[in-house]
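J.: What would the 3D arrangement of this be:
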Amino acid sequence: MEACSSVLIARGSPIKNLKEAAATYRALLDFHALFGNDHPVELEVGCGNGGFIFEQAKRHPMCNFIAVELCSNVILTAMERILREGVPNVRFLNIPAEILPCFLPEGSISALYLNFSTPLPGSTHARQRLTSPRFLDIYSRLLCDGGKIYQKTDCGWFFDESLENYAACGFRVEEVTRDLHHSAYAQENIVTEYEATFLAQGKPIYRCVAVKLPSVQGNGGPVAKKRCSFSFGAKEDKVSEKMLRYHDTRWCKPEHRDGELFAMLVLEGMQAGVSWNLILEKEENFRRAFDGFDPATVAAYGEEKIEALMQEKGIIRNRKKIEAAIGNARAFCKIQEEFGSFDAFIWSFTEGKTVDHHLADIREMPAKDALSERVSAVLRARGFKFVGPTIVYSYLQGIGVINDHWKQCDFR
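T.: Below is the predicted model:
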């Protein structure tokens, strides 16, 4: 380690109790003194042998990089390579990620990379995953407004959980792909050592970008954020907490998980004739009653299950809507077989891009448009029900194909 002292900033925890260290110890880095310039600083958490950070630093000499790795033997290999190759814009932290705030100033990082973090399966390890809410809170403090988290993994369930956590923790998710090496993002991708192994095994690589939403400051510090005023049919001070959370973290945010795409399709169909606020209040009841909205499971429902659902007091007990949800599940599964995923199908209508209407006023929001009419017609031709142009327009907003947040809304 001594031979690498010129690139090693810190090692270990200054205080044995990590929680106490993160809260009380500060030895904040002066990046200008460290690198001799004021270039943007990017961070990789879990750099391993350093293959990614080495290549990234070579490609971007006008950017500085901090690489974090807990395992001393592994980080030693990475540091030796950086020194051997004479790469000047990389420094290392041999510390737990929990204590990053001890060394990195708030708002100082422009991008953060999570390459093939260990999924740590099982509920008992949920807090230890590097995309858990407690780590996302740390990253949010370190990132500047608009700063981005770039994540790659070979683990599907971990990827889905990460997407959900990003949305719940104030990040906007972009550039989602479930097969990186057959996507538009493959050209600029740096293949890591683990990634090469997974590719050789025939595994798809999942990749996304999570953008930190800007904070709002007043003369006296943080102020209340501006919301669409209010686009769900009630004054904001009378809207439920669930409705506010939906608006802030889910509405008009791009969704690419097939399970959630099906869930929204069911919920939008159930909403016909009732308020969306009521649907959100009953959402967990719907998820439980409809087996987590697994489309294959719902597609197999028969008359006995329909009768059981008609007795569920926590959901909307409308036989036509329930039967439509089951029929839609069957049509949904057929699309998955044909296109590989429903995600690929539904986003093909806009070539994978969100249609942003840049609304200045609620009165500008249409009940339907040419896109929703086109999607509605295709869905009905494929056997879907409760998918008229108005319902489909709301659905496309709900999954982020359409963005109708007002221009002045802080949750765009």
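J.: How far away from the center of its chain is the longest helix belonging to the chain?
T.: In the chain, taking DSSP state H as the definition, the longest helix is helix 319-339. Chain-centre distance of helix 319-339: 26 Å, with C-alpha atoms, centre = their mean, to the nearest Å.
J.: got a list of what Leu359 touches?
T.: 365, 404-407 (C-beta atoms under 8 Å, 6 or more residues apart in numbering). (Glycine included, C-beta is placed from N, CA and C.)
J.: again, 6 Å this time
T.: 365, 404, 406 (C-beta atoms under 6 Å, 6 or more residues apart in numbering).
J.: Domains in this protein, by residue range?
T.: 2-218, 236-403 (automatic domain parsing).
J.: Look at the residue nearest to the spatial centre of the chain and give its secondary structure.
T.: For the chain, the residue nearest the mean C-alpha position is Leu163 (3.1 Å; C-alpha atoms, centre = their mean). Three-state call for Leu163 (DSSP: H, G, I helix; E, B strand; the rest coil): helix.
J.: Spit out the contact partners of it.
T.: Counting by C-beta under 6 Å, 6+ apart, the residues that Leu163 touches are Val173.
J.: Against Ser183, how distant is it?
T.: 16 Å (C-beta to C-beta, to the nearest Å).
J.: Next: Glu281.
T.: 38 Å.
J.: on contacts alone, who are the packing partners of whichever strand or helix holds Gln56?
T.: Element membership for Gln56, per DSSP states H and E: helix 51-59. In terms of contacts (3 or more C-beta pairs under 6 Å, 6 or more residues apart in numbering; DSSP states H and E), helix 51-59 is packed against strand 64-68.
J.: For the helix or strand harbouring His247, which helices and strands make contact with it?
T.: Counting by DSSP H and E, the element that carries His247 is helix 241-249. Counting contacts by 3+ C-beta pairs under 6 Å, 6+ apart, helix 241-249 packs against helix 276-289.
J.: Specify the angle between the helix it packs on and helix 319-339 in degrees.
T.: 70 degrees (axes from the mean of the first three to the mean of the last three C-alpha atoms, to 10 degrees).
J.: Report the backbone C-alpha coordinates of helix 276-289 in CSV.
T.: What follows is helix 276-289, C-alpha atoms only, in CSV (Å, rounded to 0.1, in the frame of the first residue of the first chain):
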residue,chain,number,x,y,z
TRP,A,276,-57.5,8.2,-9.4
ASN,A,277,-57.2,9.1,-5.7
LEU,A,278,-59.5,6.2,-4.9
ILE,A,279,-57.4,3.8,-7.0
LEU,A,280,-54.2,4.8,-5.2
GLU,A,281,-55.9,4.2,-1.9
LYS,A,282,-56.8,0.7,-3.0
GLU,A,283,-53.6,0.0,-5.0
GLU,A,284,-52.0,-2.3,-2.4
ASN,A,285,-55.3,-4.2,-2.1
PHE,A,286,-55.3,-4.7,-5.9
ARG,A,287,-51.7,-5.9,-5.9
ARG,A,288,-52.5,-8.5,-3.2
ALA,A,289,-55.8,-9.6,-4.8
